[in-house]
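Participant: fold the following, please.
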Amino acid sequence: MGFFLLDMNDDVCLVRRSLRAKRIADKIAITQNSYAKNAQMQSEKFAEFLGVFVDVARESSFSGAGRRRGRTPSSIGRQIDALETYLETPLFLRSTRHLTLTDAGEALLIRARQILDSLDDARQELSSMKGDVTGTLRVACYPTFGKRYVLPVMGQLARQYPELSVELDLTERIADPVAERLDIVIRIGDMSDSTLIGTRIATQTRVLCASPDYLLQAGTPHHLSEVRTHRLIDKLHGGDLLHWSDILGHPARSSLTHPVFGCDDFEAMRLAAIEGLGIAYLPDWVAGPDIKAGLLTLLCPEWAEHPAASTGIYALRALRNPPARVSIFMDTLRSFIGKPCIWSTR
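Facilitator: Got it, this is the predicted structure:
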């Protein structure tokens, strides 16, 4: 009887050990499958989170990145937390007002931009091969030029191509299409960056103009030498951005002239001229339509023939083979501007 019980106990022990081993094996298998799925998810999210990381670094805040992506700051913060956990290193130094990149964050930012640019280039190449007008068209240009001539083109493209999204950065700074991942940057003036591919889309000519009411009151200058005795409208900041010295021999804000209105916005300067504040020296793409409409009077038209009065308007891009959306945008913009330009006063 005792021998029988011993055999039964041995069998019970063997069964228990077998069940325990199976449970452990099952747990290991479940853990391995979970780890594999988690690793796959982390790998997929890593690419997504890199884009979020770059936006946060660019904006120096979760809220700024959230606005760019249409998400809440807390959602952006959770993604950065997950990225830091995945990489096992902090990427930002956090304060109540600012986010500052750590050394690891600085290193990742360089690589992240390269990775995202490579992915974007690959997508654009494939899209270009298929001829699909999709993705996000990103353009940077002067505020007044963008509102007058680029926005109508973007609106036309958005209606024509429902799969296309558009972003317009209205700025007077020199935007970098490579660093800022822009499709097109519209610049005015001589091209100095030989690494970018430029297409001349129009010519800018600076013109002298004033309202009929102002000229009726102050008299009409018939020669450039007479302009210096008039009230002038000048541009704030950036030195002699309007190149008044080409006409006056010195910047407008010298003791010999009478600037009565200064502003850092072309549209406001145009309105100041229409209101009769003085003589404005503006690009023809700003003042041309008002001169045609009779709201402003063109002064000293012979100045338009001077080489210093004219310069090119260029669309710059980084990619030699641009995606279809860029080619379509360029064609539509050139068609909208026309030849001669729709703002031409000649």
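
Participant: from now on I want contacts and neighbour counts done on CA atoms only, so please keep to that.
Facilitator: OK.

Participant: can you pull out the low-pLDDT segments for the stretch 51-200 of the chain?
Facilitator: Within the stretch 51-200 of the chain, the segments meeting pLDDT under 70 span 121, 123-131, 192-194.

Participant: which stretches in it count as helices?
Facilitator: Listed in chain order, the helices of the stretch 51-200 of the chain (DSSP state H, counting those that start in this stretch) span residues 62-69, 73-87, 103-130, 143-145, 151-160.

Participant: can you redo these as CSV with mean neighbour count and distance to residue 310?
Facilitator: Output for the helices of the stretch 51-200 of the chain, formatted as CSV (neighbours: other Cα atoms under 10 Å; distance: least, Cα to Cα, whole Å):
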stretch, mean neighbour count, distance to residue 310
helix 62-69, 18, 37
helix 73-87, 16, 46
helix 103-130, 15, 35
helix 143-145, 17, 16
helix 151-160, 15, 24
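
Participant: looking at those helices, which is nearest to residue 305?
Facilitator: For these, distance to residue 305 was read as Cα to Cα. The smallest value, 22.7 Å, belongs to helix 143-145.

Participant: contact partners of that closest one?
Facilitator: By Cα atoms under 8 Å, 6 or more residues apart in numbering, the surrounding residues in contact with helix 143-145 are 170-172, 265-267, 285-286.

Participant: that older thread, can I get the helices of the stretch 51-200 of the chain in a markdown table including distance to residue 50?
Facilitator: A markdown table is the format used below for the helices of the stretch 51-200 of the chain (distance: least, Cα to Cα, whole Å):
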| stretch | distance to residue 50 |
| --- | --- |
| helix 62-69 | 12 |
| helix 73-87 | 8 |
| helix 103-130 | 6 |
| helix 143-145 | 30 |
| helix 151-160 | 28 |
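
Participant: show me the contacts for residue 84.
Facilitator: 90-91.

Participant: can you point me to the longest strand in the protein?
Facilitator: Counting residues, the longest strand found in the chain (DSSP state E) is strand 197-210.

Participant: which residues are in contact with that one?
Facilitator: Counting by Cα under 8 Å, 6+ apart, 188, 191, 273-274, 276, 278-285, 287, 291, 296-301, 303-304, 309-320, 334, 337, 341 sit against strand 197-210.

Participant: mind checking which of those land in helices?
Facilitator: 273-274, 284-285, 287, 291, 334, 337 (DSSP state H).

Participant: got a winner among the residues you listed for most neighbours?
Facilitator: residue 287 (31 neighbours; other Cα atoms under 10 Å).

Participant: burial measure for the spatially closest residue to that residue that is not a sequence neighbour, as a count.
Facilitator: In space, not counting the residues next to it along the chain, residue 287 is nearest to residue 270; the distance is 6.6 Å by Cα to Cα, 6 or more residues apart in numbering. When counting by other Cα under 10 Å, one arrives at 23 neighbours for residue 270.

Participant: wait, what's in contact with residue 270?
Facilitator: Contacts of residue 270 were listed using Cα under 8 Å, 6+ apart, and they are 280, 282, 286-287.

Participant: mind checking how far it is from residue 143?
Facilitator: Spatial separation of residue 270 from residue 143 under the definition Cα to Cα, to the nearest Å is 14 Å.

Participant: ok, residue 102 next?
Facilitator: Counting by Cα to Cα, the gap from residue 102 to residue 143 is 34 Å.

Participant: and residue 295, by the same measure?
Facilitator: Computed with Cα to Cα, the distance linking residue 295 and residue 143 is 22 Å.

Participant: sorry, back to before: which of the contacts of helix 143-145 count as buried?
Facilitator: Neighbour-count burial (16 or more other Cα atoms under 10 Å) applied to the contacts of helix 143-145 gives 170, 266-267, 285-286.

Participant: average pLDDT for stretch 232-249?
Facilitator: Over the span of stretch 232-249, the pLDDT mean works out to 69.

Participant: do stretch 332-346 as well
Facilitator: Over the span of stretch 332-346, the pLDDT mean works out to 92.
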